[in-house]
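Asks: sequence first, predicted model second:
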Amino acid sequence: MTTLRHDWTREEVLALFALPFNDLLFRAHSLHRQHHDPNAVQISTLLSIKTGGCPEDCGYCPQAARYDTGVEAEKLMSVEAVRERAQAAKDAGASRFCMGAAWRELKDRDVEKVATLVREVKALGLETCVTLGMLQGEQARQLKQAGLDFYNHNLDTAPEYYSEIIHTRTYQDRLDTLEQVRDAGLRTCCGGIVGMGEAREQRAGLLQTLANLPQHPESVPINHLVQVEGTPLQGTEALDPFEFIRTIAVARLLMPASVVRLSAGRESMHDEMQALAFFAGANSIFYGEKLLTTGNPDVAQDQALFQRLDLQPMQFGPAAASKPVDLTTPESQPAPTDVTA
Ligand code: SAM
Ligand code: DTB
Ligand code: SF4
């Protein structure tokens, strides 16, 4: 097995980006196979449990109150409504349920409410993930106690590009929250967004920072900017699709054991592009018609994609093993590949 490195230089990362495309993909895919089943994809479903009205100014985000995006502020969803959505996600084949709130930070008064949601979702036999903004250590420990598996908190971009995108909190604030999450024994889901007008240097900077964290995030969402009318980043020049694939491949090379998620932006990607992303090292998706407020491919479309590419949902833990979930028809499921081979 490869040694996990935490000392990547910017030059080294840029040199990977600059490899001939086929060489880069070959290297990334070869390493991918050493650490993962190449035909298994982890499936998470997202739910916005508290939508809109956010005080932050993240330039990409439709939920920031200050931008006129048509997203209405809503209250925290009820336990019953969340349970129903989580059960539906499980029935559709998701193994993880991720709940997002448009908050700057988690307030102490909301900790017990979120903990209740976590307990309910966990009781259904799903892995749990929440993304609630900045978090304090004690709050992280309370959520862990409630059964939380993952906390999603993204670095979003390279340190030097961050101030182009967000002004209401610092990069260090994000690093501090990630430290609290790790210290509480939670698994980290941390990645960023590309296609925000950044240069390759900054895509490299994002991945370099992620890989040089004290531990590689267990889950690394690579979001392609979803441009939303009314946000400052609407109208940003489109990223070359092959540059997006390169970003996935370099993420795989830097963080070989992590699960890399082909995250936001899939709705505007063809099947061929997604197939290339899976080959380059992506092995997770968000599944279900909606991300938080924007669209995601239809479930039927994803099921067809899995079938066409012979992909299977990644299983986890004894609960999943006792009741395998088929995204495709049962007879199309090949025997699981031996990842230790
Ligand atoms: N409010 C919390 C926070 O910012 O940490 C949690 C929710 S926030 C919507 C979670 C992440 O979604 C952001 O960090 C960002 O990476 C991603 N995101 C938001 N809007 C996006 C967009 N338009 N395109 C791609 N990713 C987006
Ligand atoms: C992540 O990295 N991407 C997800 C999840 N973590 C919370 C969010 C994508 C949001 C896309 C815009 C929207 O639907 O509002
Ligand atoms: Fe608020 Fe999160 Fe959107 Fe930033 S990304 S505006 S913190 S909901």
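Replies: Happy to help now that I have it. Numbering: from 1, shown residues only. Ligands and ions are numbered 1, 2, ... in the order given.
Asks: got the residues of the stretch 151-300 of the chain near ligand 2?
Replies: Within the stretch 151-300 of the chain, the residues that sit near ligand 2 (C-beta under 6 Å from any ligand atom) are Asn152, Asn154, Gly191, Pro221, Asn223, Val226, Ser263, Ala264, Leu291, Leu292, Thr293, Thr294. (C-beta placed from N, C-alpha, C; glycine too.)
Asks: quick one: the strands in the stretch 1-150 of the chain, in order.
Replies: Remark: strands assigned in the stretch 1-150 of the chain by DSSP state E, counting those that start in this stretch are 40-50, 96-101, 127-131, 150-152.
Asks: could you say which helix or strand contains Gln274?
Replies: Element membership for Gln274 (DSSP states H and E) is helix 271-280.
Asks: packing partners of that helix?
Replies: helix 21-35, helix 241-254, strand 259-262, helix 299-309 (3 or more C-beta pairs under 8 Å, 6 or more residues apart in numbering; DSSP states H and E).
Asks: if you set the cut-off to 6 Å instead, what comes out?
Replies: On a contact count with 3 or more C-beta pairs under 6 Å, 6 or more residues apart in numbering; DSSP states H and E, helix 271-280 meets helix 21-35, helix 241-254.
Asks: make JSON lines out of those helices and add mean neighbour count and distance to Met314.
Replies: Listed next are the helices and strands packed on helix 271-280 as JSON lines, based on neighbours: other C-beta atoms under 10 Å; distance: least, C-beta to C-beta, whole Å:
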{"stretch": "helix 21-35", "mean neighbour count": "17", "distance to Met314": "13"}
{"stretch": "helix 241-254", "mean neighbour count": "24", "distance to Met314": "15"}
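Asks: turn the ones you listed into TSV, columns for mean pLDDT.
Replies: TSV is the format used below for those (pLDDT from 0 to 100):
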stretch	mean pLDDT
helix 21-35	98
helix 241-254	98
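Asks: now do the contacts for the closest residue to Gly288 other than its chain neighbours.
Replies: Closest residue to Gly288 apart from its sequence neighbours, by C-beta to C-beta, 6 or more residues apart in numbering: Thr45 at 4.4 Å. By C-beta atoms under 6 Å, 6 or more residues apart in numbering, the contact list for Thr45 reads Ala89, Ala94, Phe97, Tyr287, Gly288.
Asks: want to try JSON lines for the residues you listed, with neighbour count, pLDDT and distance to Val259 as columns?
Replies: As requested, the contacts of Thr45 are arranged in JSON lines below (neighbours: other C-beta atoms under 10 Å; pLDDT from 0 to 100; distance: C-beta to C-beta, whole Å):
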{"residue": "Ala89", "neighbour count": "25", "pLDDT": "96", "distance to Val259": "18"}
{"residue": "Ala94", "neighbour count": "26", "pLDDT": "96", "distance to Val259": "14"}
{"residue": "Phe97", "neighbour count": "29", "pLDDT": "98", "distance to Val259": "16"}
{"residue": "Tyr287", "neighbour count": "26", "pLDDT": "96", "distance to Val259": "14"}
{"residue": "Gly288", "neighbour count": "23", "pLDDT": "95", "distance to Val259": "18"}
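Asks: would you format those residues as JSON lines with distance to Asp298 included?
Replies: Shown next, in JSON lines, are the contacts of Thr45 (distance: C-beta to C-beta, whole Å):
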{"residue": "Ala89", "distance to Asp298": "14"}
{"residue": "Ala94", "distance to Asp298": "15"}
{"residue": "Phe97", "distance to Asp298": "19"}
{"residue": "Tyr287", "distance to Asp298": "10"}
{"residue": "Gly288", "distance to Asp298": "9"}
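Asks: hey, where'd the helices end up in the stretch 1-150 of the chain?
Replies: 10-17, 21-35, 79-92, 108-123, 137-146 (DSSP state H, counting those that start in this stretch).
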